[in-house]
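Asks: I need the structure of the sequence given here:
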Amino acid sequence: MDAIAALDEIAFRLERELAPSFKVKAFRRAAGVLAGIPSDEIAQRVADGRLRRTKGIGDTTFEVVREAVDGQVPAYLQKLRDRAEPGVGPAAEGAGGGIRSLIVGDLHTHSDCSDGTTSIEKMAAAARWLGRDYVALTDHSPNLTIANGLTAARLDEQLDVVARLDEQFDDFRLLSGIEVDILESGELDQNDALLTRLDIVVASVHSKLRADHKTMTTRMLAGIENPRTNILGHLTGRLVTGSRGTRPQSDFDAARVFAACAANDVAVEINSRPERQDPPDDLIQLALDAGCLFSIDSDAHAPGHLDFVGLGADRAEKNGVPADRIVTTWPVDRVLEWAAG
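Replies: Below you'll find the model as predicted:
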């Protein structure tokens, strides 16, 4: 087995399990150390002991490399594979049928340009490995300083990077985008000229989540009615589990919010992160009855998080959401036409 592929797959699977970041970093760091070294030279360094003495290679990662060089599936990797849920990785593409098998894109992901853990290149590579046809890079906007939100100048630079990477693919599209804050004023947290250049705009509330019913409703409606908004991200802001603890959902007039989404052709995000599961089932039903479109997204901050989409797909299926009302089941040309409109 290729040693670098084994290290990367271990990191991916640990990310999917929401393992502590130091564990993930050890395997990604080791993969980086080996990058560019021919496989026969890696084998030689294992045999003569040089690899064990190499900075960035620890006892566990050395064993993974040694077993891969010997032609085995490393025991550490096999253990992760054995305990994984069905539907992980390209071999399981379409596993489980239903909406899981119909998802071809992901319109909400992050890189290390804001608060993600890895590069744009690694996020795109993981999305292709999972069999996605397209993914939108939607790093945060400047108001979210805690997440290293992109200033206008940094977003402008990122657009060039995304365009260059996208040109390298013939079987995959990397779309430009942003997760833009809906500010307390209801305005979007980025200048309009830049927003017009993006393929996808996810608008989300990240602050003052405990505002009163009227204030939050007014704020959300303004964001939805902005003609640049395509997707309303994790609309309740709730947290139901995880290392950050729990957080109740925001208080707002859901009927008015979903009516505005339907009227403005804004998709309601089904955020697939295990700690969010946002919106809750009762609000998915309200959005369905209101005639809304949906976008099932990973909100990935690491390559392994991209596979959370299956969890969102399961929730959509449980709630009877028709596949054609889920924009991430559409081909990329249809998505781009809808978003531009």
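
Asks: who touches G291 in this structure?
Replies: Contact analysis of G291 by Cβ atoms under 8 Å, 6 or more residues apart in numbering lists A262. For glycine as for every other residue, the C-beta is placed from the backbone atoms N, C-alpha and C.

Asks: Which parts of the stretch 51-200 of the chain are strands?
Replies: Listed in chain order, the strands of the stretch 51-200 of the chain (DSSP state E, counting those that start in this stretch) span 105-109, 134-137, 173-181, 200-204.

Asks: got the CA positions of the helix or strand just after the last one in PDB?
Replies: On the C-terminal side of strand 200-204, the closest following helix or strand by DSSP states H and E is helix 213-225. Extracted as PDB, the C-alpha positions of helix 213-225 are listed here (Å, rounded to 0.1, in the frame of the first residue of the first chain):
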ATOM      1  CA  HIS A 213     -37.500  37.200  18.300                       C
ATOM      2  CA  LYS A 214     -38.200  40.400  16.400                       C
ATOM      3  CA  THR A 215     -34.500  41.500  16.200                       C
ATOM      4  CA  MET A 216     -33.400  38.100  14.900                       C
ATOM      5  CA  THR A 217     -36.200  37.800  12.400                       C
ATOM      6  CA  THR A 218     -35.600  41.300  11.000                       C
ATOM      7  CA  ARG A 219     -31.900  40.500  10.700                       C
ATOM      8  CA  MET A 220     -32.400  37.200   8.900                       C
ATOM      9  CA  LEU A 221     -35.000  38.600   6.500                       C
ATOM     10  CA  ALA A 222     -32.600  41.300   5.400                       C
ATOM     11  CA  GLY A 223     -29.900  38.800   4.700                       C
ATOM     12  CA  ILE A 224     -32.200  36.500   2.800                       C
ATOM     13  CA  GLU A 225     -33.600  39.400   0.700                       C
END
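
Asks: Could you tell me how far whichever helix or strand comes after helix 213-225 lies from the centre of the chain?
Replies: Moving toward the C-terminus from helix 213-225, the next helix or strand (DSSP H and E) is strand 231-232. Strand 231-232 has its C-alpha centroid displaced from the chain centroid by 14 Å (Cα atoms, centre = their mean, to the nearest Å).

Asks: Which residues does stretch 189-201 contact?
Replies: With Cβ under 8 Å, 6+ apart as the contact definition, stretch 189-201 has outside contacts at 107, 136, 138, 141-144, 149, 152, 155-156, 159, 175-178, 180-183, 188, 228-231, 335-336, 339.

Asks: Can you say which of the residues you listed are buried?
Replies: Burial by neighbour count, 16 or more other Cβ atoms under 10 Å: within these this picks out 107, 136, 138, 141-144, 149, 155, 159, 175-178, 180-183, 188, 228-231, 335-336, 339.

Asks: Around A153, how many other residues sit close by?
Replies: 10 (other Cβ atoms under 10 Å).

Asks: Same check on the one 10 residues further on?
Replies: Look at A163: counted by other Cβ under 10 Å, it has 11 neighbours.

Asks: middle-most residue in the chain, spatially?
Replies: With distances taken as Cα atoms, centre = their mean, A300 lies nearest the centre of the chain, 2.4 Å away.

Asks: Quick check: the residue lying farthest from the centre of the chain vs G56, distance?
Replies: For the chain, the largest distance from the centre (Cα atoms, centre = their mean) belongs to D48, which lies 40.8 Å off. D48 sits 18 Å away from G56, going by Cβ to Cβ, to the nearest Å.

Asks: Please apply the same query to L286.
Replies: Relative to G56, L286 is positioned 51 Å away (Cβ to Cβ).

Asks: Look at those two and report which has more neighbours.
Replies: Comparing L286 with G56 by other Cβ under 10 Å, the one with more neighbours is L286, at 17 against 12.

Asks: For the more buried one, give me the pLDDT.
Replies: Note for L286: predicted pLDDT of 98.

Asks: quick one: it and A254 touch, right?
Replies: Yes: using Cβ atoms under 8 Å, L286 is in contact with A254, at 5.4 Å.

Asks: what residue ranges in this structure score low on pLDDT?
Replies: 85-97 (pLDDT under 70).

Asks: Would you map the helices across it?
Replies: Under the criterion DSSP state H, the chain carries helices at the ranges 3-16, 21-34, 39-48, 59-69, 75-83, 120-129, 152-167, 192-195, 213-225, 254-264, 281-289, 309-318, 332-340.

Asks: buried ones in the first one?
Replies: Residues 3-4, 6-16 are the ones in helix 3-16 that count as buried (16+ other Cβ under 10 Å).
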